[in-house]
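Asks: Generate a structure from the sequence data that follows.
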Amino acid sequence: MGRLPMVESFGALLRKHRLDAGISLGELSRRINYSKGQVSKIENGHARAHPMFAKLCDRALGLDGVLAAALPPETTGAPLADTAATSLDDVWVLELEDGSLRFTELPRRQVLAGAGALLGFAVTRTARPVVDDATLTILRSSFDQYRALGRMTSPAVVLAQVIAQVHTLRSLAVANPEPMRSDLLILAGRVAEFAGWMSQEAGQENGATHWTDQAVKLTTGRDPHMASFCLFRHAEIALYRHDARQTIELAQRAQQDKTANPRILGLAARCEAQGHALAGDLRAYQETLDRAATLLSIPQHDDGPVLGSATIQDEVALTRAWALYELGQPGDAAELFDQQLETIPLTACRSRARFGIRRALAHAQNGEIDQACVAAHEVLADAARVDSATIRLDLRDLSRTLSRWHTHRAAVDLRRELVPVLNTPS
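Replies: This next block holds a predicted model:
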């Protein structure tokens, strides 16, 4: 594709004045809050410059309107609709590259929910808001509230707000010096990881992968635990795909990070054990879960928000129950689920629904249909409330299992009640 006429001359003029000023492409990008790639495209004649771009460059390079005057007339008079389309289709967000902050372009579909907050902040970015310790405490408290909401309601209620908070935090990080910048980015990373989990719960695996990776990028060199924790999260994503091999491989990689705290290593070992159970390897499952139990029993010393679930008292017992089910021991699994469900707080609707439905499934697979129906009814309202794509996987298994008892009145009635929950759009 050939270069656009007139744009090349503007790009050449821009490059000449930038080099005369002794300013690198990256430094100019930083000053005008454009991505380095976009500035490069304009300099090389592969993209048109908008009037505001030229004005920002004039100011950054100490020029007196030279670049704005060099724009061809049709560009200066660009219709508002074109500008609006650019603003909606391409959102500039902060990324980390080699430990430094830069703006980059993120497709509209990835940030639609949080774009409004980000663009709103961009309008006032020149104010360079200062964040003090009291403000940071409130920001952390806000995240805690989102986590609490995530435990008891649909991901649709919190996901857009959580994504917006990620954008806000990393935008604030640019405007603040160290050590506050690191504190903001660490918090942004933890919020991004939670956005990944909520995306998974919404049935958006691509979003889950994207935000989990963003959590690592945001905290590189700042949070020693995030990289290994996100490997564990990728292992969990593979687990819900029923991919035993990838679950095991990713969980083992997470455990290779010796700087990770015992809790993260324990969570990764727990996930590896689930992968072995999914693969039917009883010996590997038992050995790995024993290691997980030892690691998870070590007290955690971390001032930041807890990574992973904070509502489960005995994660190993619940993992053992589900692994027993995967290993073909539904009776033992059901008995253990019966004991453990009582330990989950009533406010932890998502966890109660997840393990309550698995409890019902274990009873059903063990032929205890009446117990299965009772167990399902105890948490069915929670399952509808939290609107979880991962829990719906278990609900579908439960419905299929109950279909074998097509003359059992309670089973038939329960399957009918499951229909609206299973048909809820993600």
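
Asks: Other residues contacting stretch 9-24?
Replies: Applying C-beta atoms under 8 Å, 6 or more residues apart in numbering, the external contacts of stretch 9-24 come out as 25, 28, 31, 42-45, 49, 54, 57, 60-63, 66-67, 70-72. Heads up, the C-betas are built off the backbone N, CA and C, glycines and all.

Asks: Can you select the buried ones among these for me in ChimeraX?
Replies: Buried subset of those, written as a ChimeraX selection, criterion 16 or more other C-beta atoms under 10 Å:
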select :28,42,43,45,49,54,57,60,61,63,67,70,71
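
Asks: which ones among the contacts of stretch 9-24 are found in strands?
Replies: Nothing among these maps onto strands, per DSSP state E.

Asks: got the CA positions of stretch 31-39 in CSV?
Replies: C-alpha atoms of stretch 31-39 as CSV (Å, rounded to 0.1, in the frame of the first residue of the first chain):
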residue,chain,number,x,y,z
ARG,A,31,5.3,14.0,26.3
ILE,A,32,2.2,13.9,24.1
ASN,A,33,0.7,10.7,25.5
TYR,A,34,0.6,8.9,22.2
SER,A,35,2.1,5.5,21.6
LYS,A,36,5.5,5.3,20.1
GLY,A,37,4.1,3.1,17.3
GLN,A,38,1.5,5.7,16.3
VAL,A,39,4.1,8.6,16.2
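
Asks: Now go through the contacts of stretch 9-24 and say which are in helices.
Replies: 25, 28, 31, 42-43, 54, 57, 60-61, 66-67, 70 (DSSP state H).

Asks: List the contacts of the nearest residue to D132 once chain neighbours are set aside.
Replies: Spatial nearest neighbour of D132, chain neighbours left out: M180 (7.9 Å); criterion: C-beta to C-beta, 6 or more residues apart in numbering. Each residue near M180 by C-beta under 8 Å, 6+ apart is listed here: 131-132, 136, 173.

Asks: lowest-pLDDT helix or strand in the protein?
Replies: Ranked by mean pLDDT, DSSP states H and E, the weakest helix or strand in the chain is helix 80-89, scoring a mean of 31.

Asks: Could you count how many residues lie near T343?
Replies: 13 (other C-beta atoms under 10 Å).

Asks: Then K258?
Replies: 7.

Asks: so what's the backbone phi/psi at it?
Replies: Main-chain torsions, K258, degrees, to the nearest 10: phi -70, psi -10.

Asks: you'd agree Q161 is in a helix?
Replies: Yes - the assignment for Q161 by DSSP: H, G, I helix; E, B strand; the rest coil puts it in a helix.

Asks: That one touches F143, doesn't it?
Replies: No - with contact defined as C-beta atoms under 8 Å, Q161 does not count as touching F143 (10.1 Å).

Asks: coming back round to it: okay, and which of the contacts of M180 map to helices?
Replies: Within the contacts of M180, residues falling in helices by DSSP H are 136, 173.

Asks: Can you tell me which of the contacts of M180 has the most neighbours?
Replies: A173 (24 neighbours).

Asks: Without its sequence neighbours, what residue ends up closest to it?
Replies: L184 is the one closest to A173 (C-beta to C-beta, 6+ apart), at 4.1 Å.

Asks: In which helix or strand does that neighbour reside?
Replies: helix 180-201 (DSSP states H and E).

Asks: can you check I264 too?
Replies: Assigned by DSSP H and E, I264 falls within helix 262-279.

Asks: Only C-alpha atoms, please: export that helix in PDB.
Replies: Output of helix 262-279 as PDB, limited to C-alpha atoms (Å, rounded to 0.1, in the frame of the first residue of the first chain):
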ATOM      1  CA  PRO A 262       4.200 -20.500  50.300                       C
ATOM      2  CA  ARG A 263       0.600 -19.700  49.700                       C
ATOM      3  CA  ILE A 264       1.100 -19.300  45.900                       C
ATOM      4  CA  LEU A 265       3.300 -22.400  45.800                       C
ATOM      5  CA  GLY A 266       0.500 -24.200  47.700                       C
ATOM      6  CA  LEU A 267      -2.200 -23.000  45.300                       C
ATOM      7  CA  ALA A 268      -0.100 -24.100  42.300                       C
ATOM      8  CA  ALA A 269       0.500 -27.500  43.900                       C
ATOM      9  CA  ARG A 270      -3.200 -27.800  44.600                       C
ATOM     10  CA  CYS A 271      -4.000 -27.100  41.000                       C
ATOM     11  CA  GLU A 272      -1.400 -29.600  39.800                       C
ATOM     12  CA  ALA A 273      -3.100 -32.200  42.100                       C
ATOM     13  CA  GLN A 274      -6.400 -31.400  40.400                       C
ATOM     14  CA  GLY A 275      -4.700 -31.900  37.000                       C
ATOM     15  CA  HIS A 276      -3.400 -35.300  38.100                       C
ATOM     16  CA  ALA A 277      -6.800 -36.300  39.300                       C
ATOM     17  CA  LEU A 278      -8.300 -35.200  36.000                       C
ATOM     18  CA  ALA A 279      -5.700 -37.400  34.300                       C
END
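
Asks: So which elements touch it?
Replies: helix 226-240, helix 244-255, helix 282-296, helix 315-326 (3 or more C-beta pairs under 8 Å, 6 or more residues apart in numbering; DSSP states H and E).

Asks: Dump these to a markdown table, plus mean pLDDT, mean neighbour count and distance to A12.
Replies: A markdown table is the format used below for these (pLDDT from 0 to 100; neighbours: other C-beta atoms under 10 Å; distance: least, C-beta to C-beta, whole Å):
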| stretch | mean pLDDT | mean neighbour count | distance to A12 |
| --- | --- | --- | --- |
| helix 226-240 | 95 | 24 | 43 |
| helix 244-255 | 96 | 21 | 48 |
| helix 282-296 | 95 | 18 | 60 |
| helix 315-326 | 92 | 22 | 61 |
